[in-house]
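1. Build the 3D model from these lines:
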Amino acid sequence: MGSKKPSVGLLDNFKMDRVRTILTPAYPYPHEHSRHAIIAVVVGCLFFISSDNMHTLIQKLDNNIKWWSMYACLLGFFYFFTSPFVGKTIKPSYSNFSRWYVAWILVAALYHLPSFQSMGVDMRMNLSLFLTIYISSILFLLVFHIIFIGMWYIGLVARVAGKRPEILAIFQNCAVISVACCVFYSHCGNRAISRERPFERRNSGWFSSWKKEERNTLLANFLRMNELKDQVCSSWFAPVGSASDYPLLSKWVIYGELACSGSCPGTSDEISPIYSLWATFIGLYIANYVVERSTGWALTHPLPVEEYEKLKKQQMKPDFLEMVPWYSGTSADLFKTVFDLLVSVTVFVGRFDMRMMQAAMSTVHDGAQKDDLLFDHFSDKEDLWFDFMADTGDGGNSSYSVARLLAQPSIRVNFSNSMRALPRGDLLLIGGDLAYPNPSAFTYEKRFFRPFEYAFQPPPSFQPEHVAVNKPEVPCADSGPCQYDGPQCFMIPGNHDWFDGLQTFMRHICHKSWLGGWLMPQKKSYFALQLPKGWWVFGLDQALHCDIDVYQFKFFAELTKDKVGENDSVIIITHEPNWLLDWYWNDVSGKNVSHLIRDYLKGRCKLQMAGDLHHYLRHSSVSSDKPVYVQHLLVNGCGGAFLHPTHVFSNFKRLYGTSYESKAAYPSFEDSSRIALGNILKFRKKNWQFDFIGGFIYFILAFSMFPQCRLDHILQGGSFSDQLKSFFSTVWDAFIYMLEHSYVSSAGTLLLLMAAFCFVPSKVSRKKRAIIGMVHVSSHMAAALILMLLLELGVETCIRHQLLATSGYHTLYEWYRSVESEHFPDPTGLRARIEQWTFGLYPACIKYLMSAFDVPEVMAVTRSNICKNGMESLSRGGAIIYYASVFLYFWVFSTPVVSLVFGSYLYICINWFHIHFDEAFSSLRIANYKSFTRFHITRDGDIEVFTLAVDKVPKEWRLDPEWDKEVKQQQPSYLMKFPSKWSAGTAQQDPVATVRIVDHFVIERTGPRNPTSEATQLQCFKRCYPSHPPIPQIHVNLGPFNPSSVLILKSPESTKLSTSRQRFCYVRASTTSTVEAETAPSTFRNKNPRHINVLVVGSTGYIGKFMVNELVNRDFNVIAVARERNGIRGRNSREETLEQLKGLMYSSLTLPICAFWRAVSRA
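-> Here you go, the predicted model:
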């Protein structure tokens, strides 16, 4: 332990850092060096092609439209197949696979087409050489890595070198080496330079072009590409020497062809330049691999601390996850989601409910239910800011953008042509669906907690691996939720949180204390909050039933009856907006929620909020004589998940017999309809993993129609119209054949038809569902059959022109063996020795690799055998090889088409029929259009509502330098001016700079009362006074006529209080509805509260404070008098109070009233 400190100090003194800096990857892309090498090879190819073959290409263009049409179709299909991977970062493994896969089958197809031969380019030698070098390189590097790992195990190399190489990286490096050698051979050959050529001439050729006559300009010299090419081949890449120069290697090298002017004295003993180039690349790879993992090299090349910190900041970027690929055919998360949903719906729904377990646990200890579900520590604030969001935990960029805005100390926005600062909410409410696609430790931590922790760091004492035993667990300096000065968070679960029976939600929310810098006091999945000025928040847990359970209903019903005042206002939060979904699906759900709102709250529900739909919509009630149970309906699910359309719900109008009108929509109905067009243009780009499903479905649809042997009527047709007619006639005949004779394709079509029928939403009638499903499947079937026939026509055309199926499966290998000795001499018998040592694997591996590479030849040969002898002549293995070779090309052709057809189907359904709102927009995976709603309970009791939105979410983030400076001060994040770790790559794109208000409205505290209610409910108020530690809280049960002294000043013009009794009316609330006055009885019926000045002298400080809150609630002008005596307020007498008030100004307060004014006005 003690030895570590001096070593650290030594490093600090020399300003050196450890090996970790050296081993940090220089590129974010794991195989960037391969990409750069490929670019270099391509540039080299273009350089040489421009010198040799461009004029040949122009002069020998094939005039046969048949071949150029085939070229256009082939290259077009390959372009559309690769388009999603161009300029987009996707999984490196799949990106590399697609790149090499496309290169393989494209080159294999182009190799057989005639136009390359018309340019004088024979690709057989290049392909044969590439495959030979490729397999040799793989075997050599695998042997090297096995030896190196063995040395690591026995301790001969540094422990830091123990990381095993990725097999894909080895394959890529071998491919790059092979391509480089083939490019060199294509333009320089395997020439061995004769010794008769002077060395000076060989090295001075490059400069000779500068010593010509004056007429040779620089441009002329540049165009003399042949001379430059000769210099490159003979000087820059000249052979390393002869076998006599390296006698030890004479039996382990390949020799080159002798190139000399005139007769050559004998066979060449020059080492092959191809071999020397290959050996150079292999040596560079081995040297680079060994040196990178060398401890000695790392320790002799340390970085200064300042440079290390600078490099670390450049490399640091947030590890955000992308939007969930809902149409992925390979995502394990989606399969787990489906499984969890099936289990939850079929097994647990109706049999086990975690909400009932919570209710049962709450009855174990007396009072537990109240303490666990009701939180009132915000109620004594003068005003309150709080936020609402829902449906987060999808893409990291979008979730962090919203979290960053929520965490800011204040947000400055343009409001009414001026800038207004909106402070951070003291309370954050989240409306469910915390992580997608399913609840798990991984999704909660990566998709939910991490963006919030980046935006608002938890306190240093927080340990994420520990559960919270006694919530709330506040930092050491604080003692409870009333004392914690930072923001707090409450949330309800959504349907995605219920897929595992609420286990993950309970473990990470109810048993943890911090969401970033937000304290989470809640212990159950539902809660009630008492806010200032008579406002309440009910957070309901609807589970997968779209309704609350009986125990939850009982809690909120009793709370409404016992504690919610008749003139209080309630905000209800549910996850699903039942008012919209019930209207959309023509269904009725949430009966217990409706019962609570209509029969218990009775008009006191001023706002109902929900998420689930990932957009912003607000509907407000239309003035009418009918009772209004909910004044405003608000949906805001833009917390980070993919966007949902708004135009689908534009016709919603009624709820509970009340008419509503749309007040705000984000995005607008027009923008929403326009965004849906992306399904046609971008479906495959957004859902490239859908290829695995779509390509397989199309192959199954066309499986039984391969091969098509009778195509003479198409290829030998007269005019283009006749050929087109014959083409579609063949497509129809293939469809009829499928119905009459096939098994695989017919079964696949039937299953697809059933799936398409079930895929259409159930809100549509069965007849329309059948029609829509039939049209959908028919379009896919027609596309699959057309692609099948195009592929068959291409193969048949090449067979007729003897470009395919000329000999057998090993055509390429047999040709290469016939010319190998001529172009690559082997006088020492190296090949024979290798064949003997490998027991024949050496030529066998190359033979079958070449056959596997030449997929068109395999497909054509097998197809010819089937057409001659029938499918029965093939063995099972031969049939598998044939259909596999067909699938390799058919998959490339079909994947762009199936995405286009399916995307068009979604666009038509969402914009014409207003169905598939979830499927049509989840496919787009739109991270933009994110928002949250900020509320302000003002001092007069009204709620001002702002919905803040960001139209475009940044994709690039950098470490915020202001945060980096401030975080070193070790202060709580809620006290930091810059609490978020990452800011946008450019300041103009940062959410703090681009946020705007998309909706603003005010909910007034004073609203319509329920005329049927005459009695005033008893009210129980819990007050928390920090200045009185001996009396931390007092419960006051106060009815409408409990004694309390009230003085009413009748003259509204007076600005001072005086002791003149003629100007006061003394009122004592009593059990009778009369007013006892010292001067004369007075009535206050029909008087405006703003014209009445009220002086309250409390019998105790607590009751006095209650009277102030209640009187000012109805716009009285109130001043409260209370003096502390013996730790309790308000024991001074009326006379003492009036004496103290001489000459004092009274306050004019405007805040909301309750039952006391009705008692006085009825007097």
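2. gap between R447 and N397?
-> R447 is 11 Å from N397, where distance means Cβ to Cβ, to the nearest Å. No exception for glycine: its C-beta is placed from N, CA and C like everyone else's.
3. what's the answer for F527, then?
-> Distance, F527 to N397, using Cβ to Cβ: 30 Å.
4. R450 too?
-> Remark: distance between R450 and N397 (Cβ to Cβ) = 12 Å.
5. quick one: common contacting residues for the two?
-> F320 (Cβ atoms under 8 Å, 6 or more residues apart in numbering).
6. Which residue ranges of the stretch 851-1000 of the chain form helices?
-> Per DSSP state H, counting those that start in this stretch, the stretch 851-1000 of the chain carries helices over the ranges 855-869, 876-908, 917-922, 961-966, 991-994.
7. Including distance to P577 and mean pLDDT, could the ones you listed go into CSV?
-> As requested, the helices of the stretch 851-1000 of the chain are exported to CSV (distance: least, Cβ to Cβ, whole Å; pLDDT from 0 to 100):
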stretch, distance to P577, mean pLDDT
helix 855-869, 53, 92
helix 876-908, 23, 94
helix 917-922, 13, 94
helix 961-966, 36, 87
helix 991-994, 25, 96
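8. Between these, which one is closest to R424.
-> Closest to R424 of the helices of the stretch 851-1000 of the chain is helix 991-994 (Cβ to Cβ; 12.1 Å).
9. Show me where the stretch 101-250 of the chain dips below the pLDDT cut-off.
-> Within the stretch 101-250 of the chain, the ranges that satisfy pLDDT under 70 run 115-122, 157-164, 191-232, 234-250.
10. Neighbours of the closest residue to I700 other than its chain neighbours, how many?
-> Spatial nearest neighbour of I700, excluding adjacent residues (Cβ to Cβ, 6 or more residues apart in numbering): G748 at 3.8 Å. Applying other Cβ atoms under 10 Å, we find 23 residues neighbouring G748.
11. G748: which element?
-> Assigned by DSSP states H and E, G748 belongs to helix 744-759.
12. packing partners for the very next helix or strand once past that helix?
-> Beyond helix 744-759 on the C-terminal side, the first helix or strand identified by DSSP H and E is helix 766-800. On a contact count with 3 or more Cβ pairs under 8 Å, 6 or more residues apart in numbering; DSSP states H and E, helix 766-800 meets helix 65-82, helix 691-702, helix 712-715, helix 720-741, helix 744-759, helix 855-869, helix 876-908.
13. most tightly surrounded among these?
-> Each of those was scored by mean neighbour count; the highest is helix 691-702, a mean of 22, by mean count of other Cβ atoms under 10 Å.
14. pLDDT of that one, averaged?
-> Averaged across helix 691-702, the pLDDT comes to 93.
15. counting contacts, what elements does that helix pack onto?
-> helix 744-759, helix 766-800, helix 876-908.
16. who's in contact with it?
-> 327, 329-330, 684, 744-745, 748-749, 752, 780-781, 783-785, 787-788, 886-887, 890-891, 894-895, 897-899, 902.
17. again, only this time at 7 Å
-> Contacts of helix 691-702 with the rest of the structure, by Cβ atoms under 7 Å, 6 or more residues apart in numbering, involve 329-330, 744-745, 748-749, 752, 780-781, 784-785, 787-788, 887, 890-891, 894-895, 898-899.
18. how big is the angle separating it from helix 876-908?
-> Angle, helix 691-702 to helix 876-908, by axes from the mean of the first three to the mean of the last three Cα atoms, to 10 degrees: 110 degrees.
19. relative orientation of helix 691-702 and helix 744-759 in degrees?
-> Going by the same axes, to 10 degrees, helix 691-702 makes 130 degrees with helix 744-759.
20. quick one: helix 691-702 to helix 720-741, angle?
-> Using the same axes, to 10 degrees: helix 691-702 against helix 720-741 is 90 degrees.
21. Taking helix 766-800 as reference, get the angle to helix 691-702.
-> Using the same axes, to 10 degrees: helix 691-702 against helix 766-800 is 80 degrees.
22. Take helix 691-702, keep the C-alpha atoms, and write them as CSV.
-> The C-alpha coordinates for helix 691-702 follow below in CSV (Å, rounded to 0.1, in the frame of the first residue of the first chain):
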residue,chain,number,x,y,z
ASP,A,691,-33.3,-6.8,-44.2
PHE,A,692,-33.1,-10.1,-42.4
ILE,A,693,-36.9,-10.5,-42.2
GLY,A,694,-37.8,-8.9,-45.5
GLY,A,695,-35.2,-10.7,-47.6
PHE,A,696,-36.1,-14.0,-46.1
ILE,A,697,-39.9,-13.5,-46.6
TYR,A,698,-39.4,-12.6,-50.3
PHE,A,699,-37.2,-15.7,-50.8
ILE,A,700,-39.8,-17.9,-49.3
LEU,A,701,-42.5,-16.4,-51.6
ALA,A,702,-40.4,-17.1,-54.7
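23. quick revisit: make TSV out of the helices of the stretch 851-1000 of the chain and add distance to A984.
-> What follows is those, written out as TSV (distance: least, Cβ to Cβ, whole Å):
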stretch	distance to A984
helix 855-869	47
helix 876-908	31
helix 917-922	25
helix 961-966	13
helix 991-994	7
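24. looking at the ones you listed, which is closest to A403?
-> helix 991-994 (9.6 Å).
25. any residues touching that closest one, and which ones?
-> 401, 404-405, 408, 411, 950-952, 987.
26. same thing but at 10 Å, please
-> With Cβ atoms under 10 Å, 6 or more residues apart in numbering as the test, helix 991-994 has contacts from 398, 400-405, 408, 411-412, 930, 948-954, 978, 980, 983-984, 986-988.
27. Narrow the residues you listed to those that are buried.
-> The neighbour count (16 or more other Cβ atoms under 10 Å) marks 398, 400-405, 408, 411, 930, 948-951, 953-954, 978, 980, 983-984 as buried among the contacts of helix 991-994.
28. intersection of neighbour lists for R447 and N397?
-> 320-321, 640.
29. Just the ones of those in helices?
-> Using DSSP state H, no member of these falls in helices.
30. As CSV, those with pLDDT and distance to M491 would be great.
-> Below are the shared contacts of R447 and N397 laid out as CSV (pLDDT from 0 to 100; distance: Cβ to Cβ, whole Å):
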residue, pLDDT, distance to M491
F320, 92, 21
L321, 91, 20
G640, 94, 14
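31. Name the member of those with the most neighbours.
-> Neighbour counts for the shared contacts of R447 and N397, by other Cβ under 10 Å, peak at G640, which reaches 33 neighbours.
32. residues in contact with that one?
-> 323, 389-403, 433-436, 447-448, 451, 614, 927, 930, 932, 953.
33. what about 6 Å?
-> 392, 394, 398-399, 402 (Cβ atoms under 6 Å, 6 or more residues apart in numbering).
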